[in-house]
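In: Dropping the sequence and predicted coords here.
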Amino acid sequence: MIISIASGKGGTGKTTVATNLAFSLGKNVQLMDCDVEEPNSHLFLNPEIKDKQAVIAPVPLIDEDKCTWCKKCMEICRFGAIAVVGKKVITFPDLCHSCGGCMAVCPEHAVSEGDRELGDIETGSIKENLFVQGRLNVGQVMSPPIIKKILTLARDGMVNIIDAPPGTSCPVIAAMKGADFVLLVTEPTPFGLHDLALAVETVKILKIPHGIVINRAGMGNDGVKEYAKKEGIPILMEIPFDKKIAQVYSRGELIVEKMPEYKDKFLDLFDHINRLIKDPGDKGAGFK
């Protein structure tokens, strides 16, 4: 099972939900931090990192002795990673999406592959459970290849919990694709509702069962609840706007450890998710 925990905006509490849910389940869990620009699940779970591997992306290298400056490589590149100016070929590795199109169309076989290191992936363990996180190198912008590489490490027979990047752009879609369920974390504010609506439209396009967790419930207004009812999306859990919870979080601690009554609530959340995966129309999973 793969559960992707996402949100339309940063700071809503994705990592709070992901880490506390993983810890509550106790065993047979793998947490995968795909927020590769700023991974922070490790701050709460303190995993033992056992392995680290670089993520490499191919980029074009031009053999100008073979090149006839036909511009076919430039014409096929949608991202402007190759420019042919007179009898000079200029490449822009940071723009390259590693599709291989330039090599495929070159009639002179003047394009070969070079390597660009995008970042790395660390793997380890948290007691009986597994942990994976990716980290994008400073100055790099291509995070989807790292996320896709992380997802290849998903384990059959385990609950794989993905801490997705914020927003609704390419990295988020990469972290959602292939998931059995997407849990959208939001807050009851106008900004939270606006970005939640964007995230919901993204999940609908991907046709993945989904539900909502409202973090900091009790602040703001009822806009999120009204939207969820209108769209027929179950609200599976509410985490109250509580000073004690904020203090626990600020110390890098888990809610379910310092406030044990929340463990059952996270286990109930997992039960709701299970039921919705089996039957997306289950009216008893959460409330509307």
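Out: Cool, got the structure.
In: All the helices of the stretch 101-250 of the chain, residue numbers only.
Out: Secondary structure of the stretch 101-250 of the chain (DSSP state H, counting those that start in this stretch): helices located at 101-105, 144-151, 170-176, 190-206, 223-231, 243-250.
In: Please convert the ones you listed to a markdown table, extending it with distance to Glu75 and mean neighbour count.
Out: In short, each C-beta sits where N, CA and C put it, glycine included. Listed next are these as a markdown table, based on distance: least, C-beta to C-beta, whole Å; neighbours: other C-beta atoms under 10 Å:
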| stretch | distance to Glu75 | mean neighbour count |
| --- | --- | --- |
| helix 101-105 | 8 | 17 |
| helix 144-151 | 24 | 22 |
| helix 170-176 | 23 | 22 |
| helix 190-206 | 30 | 18 |
| helix 223-231 | 43 | 16 |
| helix 243-250 | 51 | 13 |
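In: Nearest to Leu276 among those helices would be which one?
Out: helix 190-206 (12.5 Å; C-beta to C-beta).
In: Just list what that closest one packs against, helices and strands only.
Out: Packed against helix 190-206 by the contact rule (3 or more C-beta pairs under 8 Å, 6 or more residues apart in numbering; DSSP states H and E) you find helix 170-176, strand 181-186, strand 210-217, helix 223-231.
In: coming back round to it: dump the helices of the stretch 101-250 of the chain into CSV; add distance to Lys14 and mean pLDDT as well.
Out: Listed next are these as CSV, based on distance: least, C-beta to C-beta, whole Å; pLDDT from 0 to 100:
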stretch, distance to Lys14, mean pLDDT
helix 101-105, 35, 96
helix 144-151, 14, 96
helix 170-176, 10, 94
helix 190-206, 11, 94
helix 223-231, 15, 95
helix 243-250, 12, 94
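In: Mind putting the ones you listed into a markdown table with distance to Leu21?
Out: A markdown table is the format used below for the helices of the stretch 101-250 of the chain (distance: least, C-beta to C-beta, whole Å):
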| stretch | distance to Leu21 |
| --- | --- |
| helix 101-105 | 41 |
| helix 144-151 | 18 |
| helix 170-176 | 16 |
| helix 190-206 | 18 |
| helix 223-231 | 20 |
| helix 243-250 | 15 |
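In: how's this protein carved up into domains?
Out: Split into domains by automatic domain parsing, the chain comes to 2-28+157-278, 56-117.
In: Can you measure across the last one, start residue to end residue?
Out: Here the two ends of domain 56-117 are set 5 Å apart, with distance taken as C-alpha to C-alpha, to the nearest Å.
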